[in-house]
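Got a sequence here, can you build the structure:
(chains A and B)
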Amino acid sequence: MILTTKDLRYTYQNGETINFPDVALDVGKKVLIVGYSGSGKTTLLNLIAGALKVQQGEITLAEKNYSSLSSGQLDKIRADNIGYIFQTLNLIPFLSVMENIELGVRFSKNRRSNVSDLTQEIVRLLTSLGLGKKVLDTSVNRLSIGQQQRVAVARALLGQPALVLADEPTSALDKESAKNFLNELSTTFDTSKQALLMVSHDLSLAPYFDQVIDITNKNV
Amino acid sequence: MFKLLIKSVRSRLLPVSLVIITLMASMVLLLSIERIQKATEIGFNQSISGVDAIIGPRSSSLELVLYTVFHLGRPTNNITMKTIDDIRQRKDIEYLVPIALGDSHRGFRVIATEKDYFKYIKYSSDKSLSFSDGQAFNEISGAVIGADVAKKLDYQVGTKIHISHGSSQAVAKKHDDFSFEVTGVLEKTGTPIDQAVFVDLKGYELIHLGWQSGTKVFNLKQLDLSTLSQEELTPKTVTAAFVGLKSKLTLFRFAASVKKYPNEAISAVIPGIALSELWSMVGIVDQGFELLSWIIIVISLIAMVSLIISSIDNRKREMTIYRANGATPMYLSTLVVLEAVFIGLTAIIGAIVFVTLVTYLATQQLNLILGITPEFDWVSWNEAKVFAIILLAGILSSLVPAIIVFKKNLHHTLS
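Next up, the predicted model:
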């Protein structure tokens, strides 16, 4: 198992508490977590990304239990094992496409060691995601939202992190673009080494995933 | 990290540049004041050497030094040659060189003196005057010119010159009935000597024979100069006299006894003391400027910290992406501190270039106004210390935004 969560429970500062469904994610699996806005989807991602401290329950990623790790170790776990795709504003505007993607391996020696030729690997990912080599040196501000999301995916996949977390990456895209985006993500994603966990409010995306978890009802 | 820093700074070029310019300007102000003040002081102090005292009419000692050594201002009174001769008889004196001022040549001061001037008067810590061409005058029609005079007027040995009555070129009337011939050109000294024309005291007296109360009464050509006696050519008064003593230990006793000279109200001024009076006056103004400069530096550093703190919110996306990709809080804090180092270093490099430019221009002005040519280092040890203090202050103040970044949790930016 790449990722397992067990009996996760989080209490916000206003006293509101959420009980999360257990998640078990194996290599090659794609899981969609659905729920309405404010149901705690992003909180769950933040807990898994190590951005929020686990209050109750357990998270184990790459055989490491979060409760036994310091914040520095959590940073390392994230750098080595997690590729993160945000909802929007995924890229740093003053860096080129190449430089933005390169950030995926900048802070992790482990992920960097999985890539022998950086430029070649970035070109491969971009091509697989429907963007060509020609955008490599382009300023990210010149790309459409859909193209920017693809660049963000390339960054999240670079260096083959074990877990790819995606926080509603299709929310800013129209239906057709969202469909294309998910198709490309599925083909580029390495099923032999990686797992994908995506959160969304859109249940229509379910056919692209092996498993769908409703965070509200804790239904699987 | 440095590449990311440069790219990030470039994306905020205008505000960062403004902070750099403010910091740089304050450093330029601070260092320029210090450099020019120090260089002027050194230049002034090096302008006269080997002179223990200046004897002149009793007046402000600073005024006497300014017009006899630096050719600034005008002498208000003269002293009689009899007084000079009396003092020359004293046994504690090694030499006495009288000078008479008041005339000019094409804007350059004329100093009437004796040949001994070139033997005894020194500059820049005991350097003797030397000639780049020719020699000192032996005739009353001889003249010696400073290096700048020779260069600017393209004069050489053998050039005949007329000097003008009075020191102002605009209203001066020429002594066109008698010409002096350049017999020597002095080597460059970097002192007011470079901008002076020296003539024989007797020749100076001669050209004034036909003058009364600043007006020419008769032409010298009407006289048979060969019939004039040495006594007639001996000046009745001079402006001042430079004195060297056999023993420096007798300096204060000498000055006190000159003040008691019964036949004329004269005083002996010690140049070093008069100049230190000048620096203590100038120093008060300088301290004010220096304080002002430090205040501006502090304000600039506050502006830098404000810029970094306000940019943290604007850079939320940048920081979040770094953190989500595994950058540690320490990495981001280091990035913030490095930005302060970058701003500080750029401002320092800019300040060095500008200060060098400012001091170069100041040198030209000091040479033009005071006749001194001070030398500047690229960066002095004291300046390096100032830069280090500013850089350190910049780094320390950047710790505030660095700590803010360090404490910012990733989930605050992710969500």
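
Could you pick out the residues of chain A near chain B for me?
Counting by Cβ under 8 Å from any Cβ of the partner chain, the residues of chain A close to chain B are A:42-43, A:45-46, A:49-52, A:71-72, A:75-76, A:78-80, A:84, A:86, A:89-95, A:99, A:103-104, A:106-108, A:155. From N, CA and C alone the C-beta is placed, and that goes for glycine too.

Can you tell me which of those residues are buried?
Buried members of the residues of chain A next to chain B, counted by 16 or more other Cβ atoms under 10 Å in any protein chain shown: A:42-43, A:45-46, A:49-52, A:75-76, A:78-80, A:84, A:86, A:90-92, A:94-95, A:99, A:103-104, A:106-108, A:155.

Tell me the pLDDT of residue B:243.
Note on residue B:243: pLDDT of 93.

Pull the number of nearby residues for the closest residue to it other than its chain neighbours.
Leaving aside its sequence neighbours, residue B:243 sits nearest to residue B:53 (Cβ to Cβ, 6 or more residues apart in numbering or on different chains; 4.6 Å). Counted by other Cβ atoms under 10 Å in any protein chain shown, the residues lying close to residue B:53 total 24.

Against chain A, how distant is residue B:53?
70 Å (Cβ to the nearest Cβ, to the nearest Å).

need the contact list for that residue.
Contact analysis of residue B:53 by Cβ atoms under 8 Å, 6 or more residues apart in numbering or on different chains lists B:242, B:243, B:245, B:251, B:254, B:255, B:258, B:268, B:269, B:270, B:271.

Got phi/psi on it?
Dihedral pair for residue B:53: phi -150, psi 150, per degrees, to the nearest 10.

Against residue B:94, how distant is it?
11 Å (Cβ to Cβ, to the nearest Å).

between these two, what contacts are shared?
Common neighbours of residue B:53 and residue B:94 (criterion: Cβ under 8 Å, 6+ apart): residue B:245.

Verify the contact between residue B:69 and residue B:45 for me.
No - counting by Cβ atoms under 8 Å, residue B:69 sits too far from residue B:45 to count as a contact (10.5 Å).

returning to that earlier point: among the buried ones among the residues of chain A next to chain B, name the ones in helices.
A:42-43, A:45-46, A:49, A:75-76, A:78-80, A:99, A:103-104, A:106, A:155 (DSSP state H).

Of those residues, which pair is most distant in space?
Spanning the widest gap among those are A:43 and A:99, at 30.8 Å by Cβ to Cβ.

pLDDT wise, what is the closest residue to residue A:79 other than its chain neighbours at?
Ranked by Cβ to Cβ, 6+ apart and with sequence neighbours excluded, the top spatial neighbour of residue A:79 is residue B:326, at 2.2 Å. We have a pLDDT of 80 for residue B:326.

Tell me how many other residues crowd residue B:326.
26.

if I pick it, what's in contact with it?
A:75, A:76, A:78, A:79, A:80, A:106, A:107, A:108.

Columns distance to residue B:87 and pLDDT on top of the residues you listed, output as JSON lines?
Compiled in JSON lines, the contacts of residue B:326 are given as follows (distance: Cβ to Cβ, whole Å; pLDDT from 0 to 100):
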{"residue": "A:75", "distance to residue B:87": "87", "pLDDT": "84"}
{"residue": "A:76", "distance to residue B:87": "89", "pLDDT": "86"}
{"residue": "A:78", "distance to residue B:87": "92", "pLDDT": "85"}
{"residue": "A:79", "distance to residue B:87": "89", "pLDDT": "86"}
{"residue": "A:80", "distance to residue B:87": "93", "pLDDT": "90"}
{"residue": "A:106", "distance to residue B:87": "84", "pLDDT": "84"}
{"residue": "A:107", "distance to residue B:87": "85", "pLDDT": "85"}
{"residue": "A:108", "distance to residue B:87": "90", "pLDDT": "86"}
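
What is the nearest of the residues you listed to chain B?
Nearest to chain B among the contacts of residue B:326 is residue A:79, at 2.2 Å by Cβ to the nearest Cβ.

Might one say that that closest one is in contact with residue B:324?
No - in this structure, residue A:79 is not within contact of residue B:324 by Cβ under 8 Å, at 9.5 Å.

and the top helix by length along chain B, what other elements does it pack with?
In terms of residue count, the longest helix belonging to chain B (DSSP H) is helix B:271-314. Identification of packing neighbours for helix B:271-314 by 3 or more Cβ pairs under 8 Å, 6 or more residues apart in numbering or on different chains; DSSP states H and E yields helix B:13-46, helix B:61-69, helix B:329-369, helix B:381-407.

Can you report phi and psi for the residue in the stretch 201-350 of chain B that chain A sits nearest to?
Here the residue of the stretch 201-350 of chain B nearest chain A is residue B:326; by Cβ to the nearest Cβ that distance is 2.2 Å. When read as degrees, to the nearest 10, the backbone of residue B:326 gives phi 110, psi 0.

Roughly how far does it sit from residue A:45?
Residue B:326 is 16 Å from residue A:45, by Cβ to Cβ.

same thing with residue B:341?
Distance from residue B:341 to residue A:45, by Cβ to Cβ: 36 Å.

mind listing the strands in chain A by residue range?
With strands called from DSSP state E, chain A shows them at A:3-11, A:17-19, A:23-25, A:30-34, A:56-61, A:64-65, A:82-85, A:163-167, A:195-200, A:211-214.

Make CSV from the ones you listed and add mean pLDDT to it.
Listed next are these as CSV, based on pLDDT from 0 to 100:
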stretch, mean pLDDT
strand A:3-11, 90
strand A:17-19, 88
strand A:23-25, 89
strand A:30-34, 90
strand A:56-61, 90
strand A:64-65, 88
strand A:82-85, 88
strand A:163-167, 89
strand A:195-200, 89
strand A:211-214, 89
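
right, so of these, which gets closest to residue B:235?
That would be strand A:82-85 among these, by Cβ to Cβ, at 95.9 Å.

and the closest one, what other elements does it pack with?
Right, strand A:82-85 is packed against helix A:41-49, helix A:145-157, strand A:163-167 by 3+ Cβ pairs under 8 Å, 6+ apart.

buried sites along it?
By 16+ other Cβ under 10 Å, the buried positions in strand A:82-85 come out as A:82, A:83, A:84, A:85.

what's the answer for stretch B:348-363, then?
Going by neighbour count (16+ other Cβ under 10 Å), the buried part of stretch B:348-363 is B:348, B:350, B:351, B:352, B:354, B:355, B:356, B:358, B:359, B:362, B:363.

Contacts for that stretch next, please.
Contacts for stretch B:348-363 (Cβ under 8 Å, 6+ apart): B:20-21, B:24, B:27-28, B:31-32, B:35-36, B:39, B:373-374, B:376, B:378-379, B:387, B:390-391.
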